[in-house]
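Colleague: Sequence and predicted model, in that order:
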Amino acid sequence: LKLQFLYLIANNSAPRNYPPSRNMMMMPATLRAAALRCRTGVRFASTKAYERTPWVPAKDVAFAAVPGKNGFLPCVSPARELPAKFAKVNELLTRMQTHQKDGTQGLLDLGLLGEAVEKELPLIDVTEEDMADPHLLAALFRDYGLLAAAYSLEPTHVQYQATGKYGEARDVLPASLSEPLHKVSAKLGTFPWLDYNYGLVVYNAVCGAGKDGLHWDDWRCVRMFTGIPSEEAFITVHHSIVASSGEMLTHQEAALAGVARGDKAAVAAALNAHADIVQRVVAALQRMWRASNPKDFLTFRTFQFGQEGNPEIYPRGKITYEMADGTTREGVYRGETGAMDSVVPAVDSFLALEYPRNKLTEYLFDLRRYRPQDHQRYLNWVRGESEGLGLKAFAMEDAACAVAMMRNVEYLRQMRRGHWKLVKAYILKNLGEYAHPVGTGGAPITTWLPNNLGATLEYQQDLVDAVDALVARGEGPAGEDKETFDDLSAKLLMNINQVREEVEHLQPSFTQDQMMVEFQQRDRKAEKAAHA
């Protein structure tokens, strides 16, 4: 760091507006390598003192993270309907869809769901026996969560359809929704509001017989708000991404085991196999463009909002639950968002990617609480193993391993870049003059995703610097690895500049605070500090 600082002064370069990695990119390769050694402490230290902890998935839960099998998908196929005692819930979820199968308008399109819930839905007692089955428990949360979100956000949807602007939501839920939601969410250890895993997406589709689930069309949705093909495809594209997670976790375990043995060839092989899976995930995300029409997205996005970060929709900033005993409870929750998924965070945790400590990454850390408990356990476990064994430092001392890591980070960059492109096309472009640049999870759209993308590029710079150091020692990559390194390192500065320029260009379009100052605070701290 001292070398970096002296170089910047000698060249009259002002570091305050640029990330540390970009400043390092202005240095000669030999100086960058020296600075990197000061920063990382390589050469690689032995991991013999680290005592490994094996990963043991949870038992008797709907979401047990099992490498080589379901990964982050449910352990069994989700139920399509609730048992007979919940028949009215099944019925309302079908009747509420804006587009009915017979061509008529549904309750949400007519603005009549709220009245139907209040008049028709009884308070059904969810018993301990009901909740003893983990898969019925998950289905109960999914269905009551979807119905509660639809009830609350129906006025918002109706006004948006009429005027193109979001109206205020209902911020009080009746006991017939509140009581079951609180019971099942407490049993699951999650929040009583619609989320990504138990709610709208991961527990909300069934894979066709004989299909591997790697294509969006292998899946069929259980519940929807609109019933249109674009909504179903939006959900099932995410399933085709999560379907690769079982294999991905297997390669993570193999790489970590190789580090523990000091087997560079095994680590490089596992990292390359892992990169192939991340590449497949990128390809699955890219199918969103063909599968789901961007112009349709805003017709069902309304129902994904939460109270956090959305004062226009929830002016009181909270949701009130009327309980059966006459009392009320209140909560403030983030809306359903793909950032609650566990696939990309698992890659981040495996690579021990560090994020800058700013307000934007507080969103990232907060979203961890919205994942199934076994997913949270796995993410903590794989990061702990990666840091304890020193995967990153190990890889940076071997050319083949370092380049394999670079492949992983490049596909992670492509994933984040692809997500950012989708946001611009599906949300920002279609909002037009009505600027509501807030994600469903409550984060500022124009800086949240680029903030995470910036951290990915900074990690890639560390790897470039490490390979430069190996080249200086005569231990650089050869053959295809050299070609890969030359290609990725040449593109890095362009990618960094592109992200910053796009974010700066978007800021004048919006009156709401997009935390640009926070985005520019790119100093990184250890991930463990974030937990603290």
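Modeller: Now that the structure is in, tell me what you want to look at. Residues are numbered from 1 along each chain as shown.

Colleague: Tell me which stretches of the stretch 151-300 of the chain form helices.
Modeller: 175-188, 229-242, 245-261, 264-286, 288-291, 294-301 (DSSP state H, counting those that start in this stretch).

Colleague: Revised request: answer the last question for the stretch 301-450 of the chain.
Modeller: Taking DSSP H, counting those that start in this stretch as the criterion, the stretch 301-450 of the chain carries its helices at 343-351, 359-367, 373-389, 391-395, 399-423, 429-431, 445-472.

Colleague: Out of those, flag the one nearest Leu108.
Modeller: With CB to CB, the closest approach to Leu108 among the helices of the stretch 301-450 of the chain belongs to helix 429-431: 19.6 Å. Quick note: C-beta positions are derived from backbone N, CA and C, even for glycine.

Colleague: Pipe the helices of the stretch 151-300 of the chain into a markdown table and attach mean neighbour count per row.
Modeller: As requested, the helices of the stretch 151-300 of the chain are exported to a markdown table (neighbours: other CB atoms under 10 Å):
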| stretch | mean neighbour count |
| --- | --- |
| helix 175-188 | 21 |
| helix 229-242 | 23 |
| helix 245-261 | 21 |
| helix 264-286 | 20 |
| helix 288-291 | 17 |
| helix 294-301 | 18 |
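
Colleague: Identify whichever of those lies nearest to Val66.
Modeller: So among these, helix 245-261 is nearest, using CB to CB, at 6.8 Å.

Colleague: of all the helices of the stretch 301-450 of the chain, which lies closest to Asp195?
Modeller: Nearest to Asp195, of those and by CB to CB, is helix 359-367 at 9.8 Å.

Colleague: follow-up on the earlier one: between the helices of the stretch 301-450 of the chain, which one is closest to Lys88.
Modeller: Per CB to CB, nearest to Lys88 of these: helix 373-389, 30.0 Å.

Colleague: what sits against Thr50?
Modeller: Not Thr; residue 50 is Tyr. With contacts defined as CB atoms under 8 Å, 6 or more residues apart in numbering, Tyr50 is in contact with Ala260, Gly388, Leu389, Gly390.

Colleague: Tell me how far the first one lies from Tyr50.
Modeller: Pointing back at Ala260 there. With distances taken as CB to CB, to the nearest Å, Ala260 is found 8 Å from Tyr50.

Colleague: shared neighbours of these two, which are they?
Modeller: Common contacts of Ala260 and Tyr50, defined by CB under 8 Å, 6+ apart, comprise Leu389.

Colleague: Where in this structure is the helix or strand with the lowest mean pLDDT?
Modeller: Using mean pLDDT, DSSP states H and E, helix 2-10 stands out as the lowest-scoring helix or strand of the chain, at a mean of 31.

Colleague: Could you list the low-pLDDT ranges of the stretch 301-450 of the chain?
Modeller: Where the stretch 301-450 of the chain drops to pLDDT under 70, the residues are 356-361, 419-420, 422-450.

Colleague: backbone phi and psi for Leu194, please?
Modeller: In terms of degrees, to the nearest 10, the main-chain angles of Leu194 are phi -60, psi 130.

Colleague: Of all the helices of the stretch 301-450 of the chain, which one comes closest to Cys207?
Modeller: Per CB to CB, nearest to Cys207 of the helices of the stretch 301-450 of the chain: helix 343-351, 16.5 Å.

Colleague: circling back to that earlier point, right, and the helices of the stretch 151-300 of the chain - which one's nearest Tyr411?
Modeller: helix 264-286 (4.0 Å).

Colleague: So which residue is dead centre in the protein?
Modeller: With distances taken as CA atoms, centre = their mean, the residue of the chain nearest its centroid is Ala339 (2.5 Å).

Colleague: Grab the nearest non-local neighbour of that residue.
Modeller: Excluding the flanking residues, the one nearest Ala339 by CB to CB, 6 or more residues apart in numbering is Leu367, at 5.2 Å.

Colleague: Could you check how many residues crowd around that neighbour?
Modeller: Leu367 has 20 neighbours, counted by other CB atoms under 10 Å.

Colleague: Isn't it up against Gly338?
Modeller: No. Using CB atoms under 8 Å, Leu367 makes no contact with Gly338, being 10.1 Å away.

Colleague: Report the separation between the nearest residue to Ala257 once chain neighbours are set aside and Gly258.
Modeller: Spatial nearest neighbour of Ala257, chain neighbours left out: Ala266 (7.6 Å); criterion: CB to CB, 6+ apart. Using CB to CB, Ala266 is found at 4 Å from Gly258.

Colleague: again, but for Lys59
Modeller: 28 Å.

Colleague: contacting residues around the residue nearest to Gln307 when sequence neighbours are not counted?
Modeller: Counting by CB to CB, 6+ apart, Tyr314 is the residue found nearest to Gln307 once chain neighbours are left out, at 4.3 Å. Contact partners of Tyr314, counting by CB under 8 Å, 6+ apart, are Glu168, Ala169, Asp171, Gly306, Gln307.

Colleague: can you name the two of the residues you listed that are farthest apart?
Modeller: Glu168 and Gly306 (14.3 Å).

Colleague: ok, the two, which is more surrounded?
Modeller: Between Glu168 and Gly306, Gly306 has the larger neighbour count (other CB under 10 Å), namely 28 against 15.

Colleague: where are the low-confidence patches of this protein?
Modeller: In the chain, residues with pLDDT under 70: 1-48, 356-361, 419-420, 422-451, 499-532.

Colleague: can you pull the contacts of the closest residue to Ala395 other than its chain neighbours?
Modeller: The shortest distance from Ala395 to any non-neighbouring residue, by CB to CB, 6+ apart, is to Cys401 (3.9 Å). Contacts for Cys401 were tallied using CB under 8 Å, 6+ apart; they are Lys264, Val267, Ala268, Leu271, Phe394, Ala395.

Colleague: Relative to Leu140, which of these is nearest.
Modeller: Nearest to Leu140, judged by CB to CB, of these is Leu271 at 40.7 Å.

Colleague: so who does the residue nearest to the closest one when sequence neighbours are not counted touch?
Modeller: Closest residue to Leu271 apart from its sequence neighbours, by CB to CB, 6+ apart: Ala404 at 3.6 Å. Residues near Ala404 by CB under 8 Å, 6+ apart: Val267, Ala268, Leu271, Asn272, Ala275, Ala395.

Colleague: can you list these in CSV and add distance to Asn380?
Modeller: Listed next are these as CSV, based on distance: CB to CB, whole Å:
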residue, distance to Asn380
Val267, 22
Ala268, 26
Leu271, 21
Asn272, 26
Ala275, 23
Ala395, 21
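
Colleague: Closest one of the residues you listed to Gly208?
Modeller: Set against Gly208, the nearest of those by CB to CB is Ala275 (28.5 Å).

Colleague: quick one on the thing from earlier: need the helices of the stretch 151-300 of the chain in TSV (columns: distance to Lys482).
Modeller: TSV is the format used below for the helices of the stretch 151-300 of the chain (distance: least, CB to CB, whole Å):
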stretch	distance to Lys482
helix 175-188	50
helix 229-242	31
helix 245-261	22
helix 264-286	14
helix 288-291	34
helix 294-301	40
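
Colleague: Can you show me the strands along the stretch 101-250 of the chain?
Modeller: Ranges of strands in the stretch 101-250 of the chain, per DSSP state E, counting those that start in this stretch, are 172-173, 205-207, 219-221.

Colleague: and those as TSV, adding distance to Asp348?
Modeller: TSV is the format used below for those (distance: least, CB to CB, whole Å):
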stretch	distance to Asp348
strand 172-173	35
strand 205-207	25
strand 219-221	25
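
Colleague: Quick check: which of the ones you listed is nearest to Ala65?
Modeller: For Ala65, the closest of these is strand 205-207, at 17.9 Å, according to CB to CB.

Colleague: outside of the closest one, which residues touch it?
Modeller: Strand 205-207 has contacts (CB under 8 Å, 6+ apart) with 77-78, 80, 213, 218-222, 235-236, 239, 243.

Colleague: Kindly supply the ChimeraX command isolating those of the residues you listed that are buried.
Modeller: With 16 or more other CB atoms under 10 Å as the criterion, this ChimeraX line picks the buried residues out of the contacts of strand 205-207:
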select :78,213,218,219,221,222,235,236,239,243
